[in-house]
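Enquirer: Could you look at this predicted model? Sequence included:
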Amino acid sequence: MKENSNDSSNSQTGALNRIISMKEMGTLGQSFIFAGGAGWGKKALSRSFARLLLCEKGKFSETCECVSCSRIENNQHPDFHYFGEDESKRSFAIAEVRNLLEWMSLRSFEGKAKMAVLIGAERLTTEAANALLKLLEEPPPSSYLVLLTENPRRLLETIRSRCSVIRLRPVQKETIAIQLEKQGIQKEEALYLAKKSNGSFSRALEMHEEGEWDEAKEFIDQMCRGQSGASISLWQKSERAEIVKNIRRTAEILRDALILAIGGSEKEIMFRSSANELKALSTEGAPKLTRKIGYLLETDRALRSNVNQKLALTRLETIWNV
Ligand SMILES: [Zn+2]
């Protein structure tokens, strides 16, 4: 495998710098695997890579607005193509690989380079993967293939061994928060979403659109009105996913209250703008709050291991009010 095992993962910028230096040193291969979780920037990295190859000015810049770079950004460049964009399809069939091979065999439109990006490469069927091998063995000059995957181990070894594997790591919380603020999201919400996003900017943005923050704030109000115990019995009627969400959210809020209960400052809490409400919740005292958080985590675990939902919630409700 061409992968350097000492260099286990890269930030998006680190990965790009690695590609740029390979190009400068003349060691750039033609086949790549970009591996990393959902929303860790695999697609963005492939666009940057395309800019590096296709920019009219011939010098990489993330902000270049030349015709080529703008087309890449808008997914309209004739020499840059995504395959497998419909991620709801569970497998990547041989017909789609044939399309890719045909596209790759055409001359590049602008005469510079061509780049095909295959999204969700772990979905390749064995037959489709084998069809791709020929391209990996004898790529046409100046053509580049990038396979994006969350799990490179699910690719055939024969595919992996012919590609340079670049592993991405989750985007840092701070970076996500800054990006969210640039989109006009206020700081407190941006930090909250960044923390909950598992290093995925797109997930953070999605949570913003789903109203995650407003819901959480509303939840705090309800808890302050003393409805938290009562609401546990109401959760019984909800779907499991919704219950788990409520449990985690309650734990999050109580953790803030606990910080205040043990004398922590408002700066340390997540819901700073609800400090007054949280102070009221903190009067329950640290031992009780700690116990409640423990119950919630236990119930969360139980629900995830498919314990009877009604039983788990009834138990939670009973110990909650002791
Ligand atoms: Zn450009």
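Expert: Done, it's in.

Enquirer: Count the residues that sit near Gly138.
Expert: Wrong residue type there; residue 138 is Glu, not Gly. Glu138 is flanked by 8 other residues according to other C-beta atoms under 10 Å. Quick note: C-beta positions are derived from backbone N, CA and C, even for glycine.

Enquirer: now it: how far from the ion?
Expert: 30 Å (C-beta to the ion, to the nearest Å).

Enquirer: Could you do Arg240 as well?
Expert: Distance from Arg240 to the ion, by C-beta to the ion: 49 Å.

Enquirer: Now the stretch 101-250 of the chain against the ion: closest residue?
Expert: Closest residue of the stretch 101-250 of the chain to the ion, C-beta to the ion: Lys112 (11.2 Å).

Enquirer: quick one: contacts for that residue?
Expert: By C-beta atoms under 8 Å, 6 or more residues apart in numbering, the contact list for Lys112 reads Leu53, Leu54, Asp79, Ser142.

Enquirer: Just the buried subset of these, please.
Expert: Leu53, Leu54, Asp79 (16 or more other C-beta atoms under 10 Å).

Enquirer: Report the spatially closest residue to the first one, excluding sequence-adjacent ones.
Expert: Here the nearest residue to Leu53 in space, its sequence neighbours aside, is Ala113; by C-beta to C-beta, 6 or more residues apart in numbering that works out to 4.3 Å.

Enquirer: what's near enough to touch the one you found?
Expert: Leu53, Leu54, Asp79, Ser142, Ser143, Tyr144.

Enquirer: For the residues you listed, name the two members farthest from one another.
Expert: Pairwise distances across the contacts of Ala113 peak at 12.1 Å for Leu54 and Ser143 (criterion: C-beta to C-beta).

Enquirer: Identify the contacts common to these two.
Expert: Common contacts of Leu54 and Ser143, defined by C-beta under 8 Å, 6+ apart, comprise Ala113, Met115.

Enquirer: related to what we said a few turns ago, quick check on the residue of the stretch 101-250 of the chain closest to the ion: phi, psi?
Expert: Per-residue torsions, Lys112: phi -90, psi -70 (degrees, to the nearest 10).

Enquirer: One more: Glu284?
Expert: phi -60, psi -20.

Enquirer: quick one: it from Glu102, how far?
Expert: 66 Å (C-beta to C-beta, to the nearest Å).

Enquirer: Over to Ser108?
Expert: 14 Å.

Enquirer: Quick check on those two: which one has the bigger neighbour count.
Expert: More crowded of Ser108 and Glu102, by other C-beta under 10 Å: Ser108, with 19 against 9.

Enquirer: Leu193: which element?
Expert: helix 187-196 (DSSP states H and E).

Enquirer: Enumerate the positions of that helix that are buried.
Expert: Glu188, Glu189, Ala190, Leu191, Tyr192, Leu193, Ala194, Lys196.

Enquirer: Then stretch 252-264?
Expert: Here stretch 252-264 shows Glu252, Ile253, Leu254, Arg255, Asp256, Ala257, Leu258, Ile259, Leu260, Ala261 as buried, counting by 16+ other C-beta under 10 Å.

Enquirer: Pretty sure the fourth one sits against Ile293.
Expert: Yes: with the criterion set as C-beta atoms under 8 Å, Arg255 and Ile293 qualify as a contacting pair; they are 6.2 Å apart.

Enquirer: CA atoms of the helix holding Leu193 as PDB?
Expert: The C-alpha trace of helix 187-196 is given here as PDB (Å, rounded to 0.1, in the frame of the first residue of the first chain):
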ATOM      1  CA  LYS A 187     -21.700  32.800  18.500                       C
ATOM      2  CA  GLU A 188     -23.400  30.800  21.300                       C
ATOM      3  CA  GLU A 189     -25.400  28.700  18.900                       C
ATOM      4  CA  ALA A 190     -22.400  28.200  16.700                       C
ATOM      5  CA  LEU A 191     -20.300  26.800  19.500                       C
ATOM      6  CA  TYR A 192     -23.200  24.600  20.600                       C
ATOM      7  CA  LEU A 193     -23.700  23.100  17.100                       C
ATOM      8  CA  ALA A 194     -20.000  22.800  16.600                       C
ATOM      9  CA  LYS A 195     -19.700  20.700  19.700                       C
ATOM     10  CA  LYS A 196     -22.500  18.400  18.700                       C
END
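
Enquirer: Fine by me, thanks again.
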